[in-house]
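Peer 1: need coordinates for the below:
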Amino acid sequence: VQGLYIYPVKSCRGIELERSKVLPTGLEHDRLYTFAYLKPPRAGKEDSPFWEFVTLRQLPLLANVKVDLWVPDPKKASRQLGTVDGAFLVVRFPWMDGGLRGLMQQASAKLSHGFQAVPEKEFLLPISFPDTEEIKARGYTFANVKSWNEVTTALNMDKELPAELAQYLGAKHQL
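Peer 2: Next comes the predicted model:
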């Protein structure tokens with residue numbers, strides 16, 4: 001074995017690890033999330049819209065989406081976040097606003113990360129499955145998602161996705 005990787009978000013960039021816990025379902029933190037399309041009813045069919053997971057075949061730019069696993073040290077506090085209790089994913093993708101704001105984002109990225117850097121937009125996803133109260137408070141819903149030839153029930157957290165992500169990926173349907 002020359003490298004050990006997990007992919008917390010299916011089809012996005014992986015995270016290289018030195019070691020990992022092996023759980024009955026696979027490596028810890030591997031494939032916690034997947035993106036899915038809300039597909040419209042098929043022409044001539046009497047079916048309703050349905051969710052179907054997507055891969056790099058449908059959205060090749062997923063390969064540019066970076067994922068970092070952040071597991072806080074309970075003995076330390078962040079200057080920006082204070083004390084953080086749980087682990088989460090930081091998901092980043094290339095994005096630059098238009099006009100002067102975009103130019104400022106580009107300059108900031110290059111000054112802080114080097115000449116080759118590009119501006120990015122980021123959002124956070126929890127590692128732990130939310131409890132019933134949090135699901136209600138955040139407006140999450142459950143939905144059936146088709147994955148290959150199987151249908152499973154998943155927690156729809158589309159409210160966490162910035163609108164710019166669908167634009168960046170060139171999504172043809174609701175993501």
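
Peer 1: how much space separates the closest residue to residue 89 other than its chain neighbours from residue 102?
Peer 2: Distance criterion Cβ to Cβ, 6 or more residues apart in numbering; nearest residue to residue 89, sequence neighbours excluded, is residue 125 at 4.4 Å. For every residue, glycine as well, the C-beta is placed using N, CA and C. Here the criterion is Cβ to Cβ, to the nearest Å. By it, residue 125 lies 25 Å from residue 102.

Peer 1: give me the contacts around the longest helix along the chain.
Peer 2: As assigned by DSSP state H, the longest helix anywhere in the chain is helix 99-113. If you take Cβ atoms under 8 Å, 6 or more residues apart in numbering as the criterion, helix 99-113 is touched by 96-97, 117-120.

Peer 1: helices of the chain, start to end?
Peer 2: Assigned by DSSP H, the chain shows helices spanning 99-113, 132-138, 163-169.

Peer 1: let me have these in TSV, extended by distance to residue 30 and mean pLDDT.
Peer 2: Compiled in TSV, those are given as follows (distance: least, Cβ to Cβ, whole Å; pLDDT from 0 to 100):
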stretch	distance to residue 30	mean pLDDT
helix 99-113	28	93
helix 132-138	23	96
helix 163-169	21	96
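
Peer 1: mind listing the strands for this protein?
Peer 2: 4-6, 15-17, 22-23, 26-27, 36-39, 50-53, 66-70, 88-94, 120-126, 141-147, 150-156 (DSSP state E).

Peer 1: show the buried residues in the contacts of helix 99-113.
Peer 2: With neighbours counted using 16 or more other Cβ atoms under 10 Å, the contacts of helix 99-113 contain these buried positions: 96, 119-120.

Peer 1: could you dump those residues into TSV with distance to residue 85 and pLDDT added?
Peer 2: Listed next are these as TSV, based on distance: Cβ to Cβ, whole Å; pLDDT from 0 to 100:
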residue	distance to residue 85	pLDDT
96	33	92
119	30	93
120	26	95
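
Peer 1: residue 13: which of those residues is nearest?
Peer 2: residue 120 (12.4 Å; Cβ to Cβ).

Peer 1: for the closest one, give its distance to residue 95.
Peer 2: From residue 120 over to residue 95 (counting by Cβ to Cβ), the distance is 6 Å.

Peer 1: picking up where we left off before, between the contacts of helix 99-113, which sits nearest residue 58?
Peer 2: Closest to residue 58, out of all of those and judged by Cβ to Cβ, is residue 120, at 22.2 Å.

Peer 1: which intervals of the chain have sub-threshold pLDDT?
Peer 2: Low-confidence segments of the chain, defined by pLDDT under 70: 46, 77-84.

Peer 1: and the residue of it most remote from its centre, backbone torsions?
Peer 2: Distance from the C-alpha centroid of the chain, by Cα atoms, centre = their mean, peaks at residue 44 (33.8 Å). Torsion angles at residue 44 (phi, psi; degrees, to the nearest 10) stand at phi 80, psi 0.
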